[in-house]
Each structure stands twice: as structure tokens, then as C-alpha cells.
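S.K.: Could you work out the structure for the sequence below:
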Amino acid sequence: DRPRYDWSDVRTTVLCERSRDGGRTWETLCREIPVAPEDDGCNLFHEPSVAELADGTLVAAVRFHGADGCFRFTRSRDGGRTWETLARSPLAAGKTAPHLLALPDGRLLCTYGLRRGDDAVGVFAAFSRDAGRTWTGLENAPLWIAPPGTWSGDIGYPATVAAPDGALVTVFYAPPEPGSKLPCLSAARWRA
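M.R.: Okay, the predicted model is just below:
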């Protein structure tokens, strides 16, 4: 049994930093991305992912560890110095981390692990044509779905890259069998 954490006195913030020398030094661009009033006090934001769109807009998806489990999205149009208020999205991943990728056709891809009971467990993809404001593909076509009896409560952290031939490759982890504590890396090769 793992100890339960008391998050009541924890305050997390999402900030934006940039490195121009391969990560040796960092410049803080934004000290704190603003939070919506309804989320103020929750302060359980972490594991962001950022993608740059063709027009230079930065879109960030942030894991929200609050009650609704929905990702929060924000955008910056000035290279990360200022950001829109983190807004709730319809992507309810059950407290896992998102990964964003700007596709060559202009769509934004969000891949994520879904941990919402035995009926919806897997790795999913959603697409946006409006910088993450609306999404399609929600839970309709999983890239990977946990076979019956194999779900042990842990899946996620996908990362997606575009292959030279236009295919997408999503890597993620999931336990190899029921009750296993061993992580197993898997990959799905697919087309958007």
C-alpha cells in the first residue's frame, strides 16, 4: 500500500522557461500561467506539454489533478511571455499526462492515457483545428486498449513523433499483466 498524500497545503504553478544553449542555462519568460477562478485553490497543475503551431502560437496542455481530471489548455502568442488563463477542456483523462504535437496539416494532436475504470482504459488521440479550443476523436479510436482482465491501474505518459513517411509513432507504458508492478513500454504506429 502506498501512503496517501495530503495535497491540501500544496501549491503548484505552471511557468514558462526557455533555454538557448541546449539546457545549460534557462531564462524565465512567465513566472506563473494564470488559473481560472473556479480552479483557484486547487493548485494541482503539473506535467505540461507544449507545441508550436505554424503561426508561432504556443499551445500548452497541463495535467490537472483535481476532481474532474480534465486537462487545462492555454495559449501564448508572444513566444511564452504571456499566456491565456488555463481553461478546462473536454479531455478527461483521469489524472494522466498529455502530449501535444503540431501536425503538418495544421491540426494539433493530443495523445493521452485514459484511466477511468475498466470500461475506458487505453491510449487515445484527439485532434484540434483551432489551437486546442475544440477537439474531435475523443475516445472513439484508441491507439491501444487494455485487454479485459489486464488493467492494473497504471497507464500513460505517451509521446508521439512523426516518422519520415508521414506515420505517427506513439510510445507509452502499461503493465504487461494483471497486478504487475513492472512497466512495459509499447508503441503504436498509426496514421492520423
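S.K.: Quick check: phi and psi on the residue most central in space within the chain?
M.R.: Central residue of the chain (CA atoms, centre = their mean): residue 98, 1.0 Å from the mean position. Geometry field for residue 98 lists phi and psi as phi -90, psi 160, criterion degrees, to the nearest 10.
S.K.: Follow the chain on from the helix-or-strand element of the chain with minimal mean pLDDT and name the next helix or strand.
M.R.: Of the helices and strands making up the chain, the lowest-confidence element is strand 144-145, at a mean of 70, by mean pLDDT, DSSP states H and E. Sequence-wise, the next helix or strand downstream of strand 144-145 (DSSP states H and E) is strand 156-162.
S.K.: partners of that next one in the sheet?
M.R.: strand 168-174 (antiparallel) (DSSP bridges).
S.K.: which outside residues touch the partner strand?
M.R.: For strand 168-174, the surrounding residues in contact (CB atoms under 8 Å, 6 or more residues apart in numbering) are 101, 109, 111, 113, 123, 125, 143-144, 146, 154-163, 183-192. For glycine as for every other residue, the C-beta is placed from the backbone atoms N, C-alpha and C.
S.K.: and what of stretch 123-136?
M.R.: Looking at what lies outside stretch 123-136 - CB under 8 Å, 6+ apart - the contacts are 53, 57, 59, 61, 73, 75, 89-91, 93, 100, 103, 106-114, 137-139, 141-144, 155-156, 158, 160, 170, 172, 174, 188, 192.
S.K.: Buried subset of these as a PyMOL selection?
M.R.: The following PyMOL command selects only the buried members of these, with burial defined by 16 or more other CB atoms under 10 Å:
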select buried, resi 53+57+59+61+73+75+89+91+93+100+103+107+108+109+110+111+112+113+114+138+143+144+155+156+158+160+170+172+174+188+192
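S.K.: for this structure, which spans come out with low pLDDT?
M.R.: 1-10, 41-43, 94-95, 116-120, 138-141, 145-153, 178-179 (pLDDT under 70).
S.K.: which residues of it fall in helices?
M.R.: Counting by DSSP state H, the chain yields no residue ranges for helices.
S.K.: So which residues of it form strands?
M.R.: For the chain, the strands identified by DSSP state E occupy 16-18, 27-30, 45-52, 58-64, 70-76, 87-92, 98-102, 108-115, 121-128, 144-145, 156-162, 168-174, 184-190, in order along the chain.
S.K.: hang on, the earlier thing: what's the closest non-adjacent residue to the residue nearest to the centre of the chain?
M.R.: Of all residues not flanking residue 98 in the chain, residue 61 sits nearest, at 3.9 Å (CB to CB, 6 or more residues apart in numbering).
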